[in-house]
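> I would like the atomic coordinates for the input below:
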Amino acid sequence: MTELDNILSIKQGISDRLRNARKSIKMSQGVLSQRSGVSLGSIKRFEQTGEISLSSLLKLAFALGYENDFNNLFTRKNYQSIFDVIKDGGSDAK
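Numbering: from 1, shown residues only. Presented below is the predicted three-dimensional model:
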């Protein structure tokens, strides 16, 4: 699997999860558009292709109550060795 394949897979996974979250609360794309301020066309394109701007994705996340999911992006520490984990107390080790 190439890096491009991974990127496409991640984008599609995010759009699938957003669609499932929207449908689980029985919200139409139109209502999501109204609540988020993201155009209906952008929502449809995102759910079909995974393509969307970061600003629009954040607006959709807020409208669906998932804004806190973005707070954890890029916060994981990259340890170089087990000694770094021990030294840090393993607070972020998973």
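> so where is the protein shaky, pLDDT-wise?
Scanning the chain for pLDDT under 70 picks out the ranges 90-94.
> in this structure, which residue is closest to the centre?
Nearest residue to the geometric centre of the chain (CA atoms, centre = their mean): Ile14, 5.3 Å.
> host element of it?
Ile14 is located in helix 3-24, with elements delineated by DSSP states H and E.
> What are the contacting residues of that helix?
1, 29, 32, 46-52, 57, 60-61, 64, 66 (CB atoms under 8 Å, 6 or more residues apart in numbering). All C-beta spots, glycine's among them, are computed from the backbone N, C-alpha and C.
> From those, list the buried ones, please.
Buried residues within these, defined by neighbour count using 16 or more other CB atoms under 10 Å: Gln29, Leu32, Phe46, Glu47, Gly50, Ile52, Leu57, Leu60, Ala61, Leu64.
> Output those in CSV; the columns should cover secondary structure and distance to Leu40.
Shown next, in CSV, are the buried ones among the contacts of helix 3-24 (DSSP: H, G, I helix; E, B strand; the rest coil; distance: CB to CB, whole Å):
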residue, secondary structure, distance to Leu40
Gln29, helix, 6
Leu32, helix, 9
Phe46, helix, 11
Glu47, helix, 11
Gly50, coil, 17
Ile52, coil, 13
Leu57, helix, 15
Leu60, helix, 12
Ala61, helix, 17
Leu64, helix, 15
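> Now the residues you listed in JSON lines, please, with extra columns for distance to Arg19.
Supplementary listing: the buried ones among the contacts of helix 3-24 in JSON lines, determined by distance: CB to CB, whole Å:
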{"residue": "Gln29", "distance to Arg19": "9"}
{"residue": "Leu32", "distance to Arg19": "10"}
{"residue": "Phe46", "distance to Arg19": "9"}
{"residue": "Glu47", "distance to Arg19": "5"}
{"residue": "Gly50", "distance to Arg19": "11"}
{"residue": "Ile52", "distance to Arg19": "12"}
{"residue": "Leu57", "distance to Arg19": "13"}
{"residue": "Leu60", "distance to Arg19": "10"}
{"residue": "Ala61", "distance to Arg19": "13"}
{"residue": "Leu64", "distance to Arg19": "11"}
